[in-house]
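Colleague: Here is my input; please provide its structure:
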Amino acid sequence: MTAASPSPSSCAVSSSVAVVLLALLAASASAAAEKETHLRFYWHDVMSGASPTVARVAEAATTNASATSFGAVYVMDDPLTVGPDLATASSRVVGRAQGMYVCAGKDSLSLLMAMTFVFGDGSAYNGSSVAVVGPNQAAMAVREMAVVGGTGAFRFARGYCQARTYSFDAKTGDATVEYNVYLRHN
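Modeller: The predicted model follows:
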């Protein structure tokens with residue numbers, strides 16, 4: 001009795017199954033090496049006083065007539081602190097939010113945020129950063145934006161952040177916002 005040799009189509013199926021299994025094993029090993037990190041801090045957007053941390057750099061011809069400042073572009077270098085009160089020692093600075101936001105809503109105050117959370121000396125993540133992009137609809141109690149990358153300890157980061165307004169002074173424009181950032185990274 002002689003053994004039948006495998007048909008070419010069964011070899012192709014076996015090879016395909018092996019390739020799929022190897023890809024799944026590689027993806028599983030990569031996912032196992034990932035870390036999950038939750039960061040919580042306060043973002044201070046200071047428009048008033050002798051040393052503002054945000055500046056209006058551009059506007060449309062109709063911006064000043066708009067109730068939502070539609071078309072205004074701001075750049076920021078806002079401090080990030082552990083606690084909500086920028087003026088107290090218990091709220092040590094852990095980094096800066098550097099980037100810009102654009103008043104993008106015609107009918108409601110909606111900002112397009114493009115910023116990087118850059119962590120400094122006061123942080124365990126000194127020298128690392130997280131990049132965030134997305135809509136920030138001010139009227140919502142909780143706003144969610146995408147984490148699109150990171151550097152240093154947060155290399156290959158992805159995830160999301162949630163923003164909640166802690167305080168807002170309508171007269172000065174100063175705002176303090178609590179950020180909770182949820183990351184997956186290498």
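Colleague: any idea how far Leu111 is from the residue minimising distance to the centre of the chain?
Modeller: Centroid-nearest residue in the chain: Val132, 2.8 Å away (criterion: CA atoms, centre = their mean). With distances defined as CB to CB, to the nearest Å, the gap from Val132 to Leu111 amounts to 12 Å. Backbone N, C-alpha and C define where each C-beta goes, glycine included.
Colleague: element containing the residue nearest to the centre of the chain?
Modeller: Counting by DSSP states H and E, the secondary-structure element that holds Val132 is strand 129-137.
Colleague: Within its sheet, name the partner strands of the following helix or strand past that strand and how each one runs.
Modeller: Taking DSSP H and E as the definition, the helix or strand that follows strand 129-137 towards the C-terminus is strand 143-151. Using DSSP bridges, the neighbouring strands of strand 143-151 in the sheet come out as strand 129-137 (antiparallel), strand 158-168 (antiparallel).
Colleague: pLDDT averaged over strand 143-151 - what is it?
Modeller: Per-residue pLDDT over strand 143-151 has a mean of 98.
Colleague: Quick check: buried residues in stretch 147-166?
Modeller: When burial is assessed from 16 or more other CB atoms under 10 Å, stretch 147-166 yields the following buried residues: 147, 149-151, 153-154, 157-159, 161, 163, 166.
Colleague: what's the most distant pair in these?
Modeller: Across the buried residues of stretch 147-166, the longest distance by CB to CB is 27.1 Å; it joins Thr151 and Tyr166.
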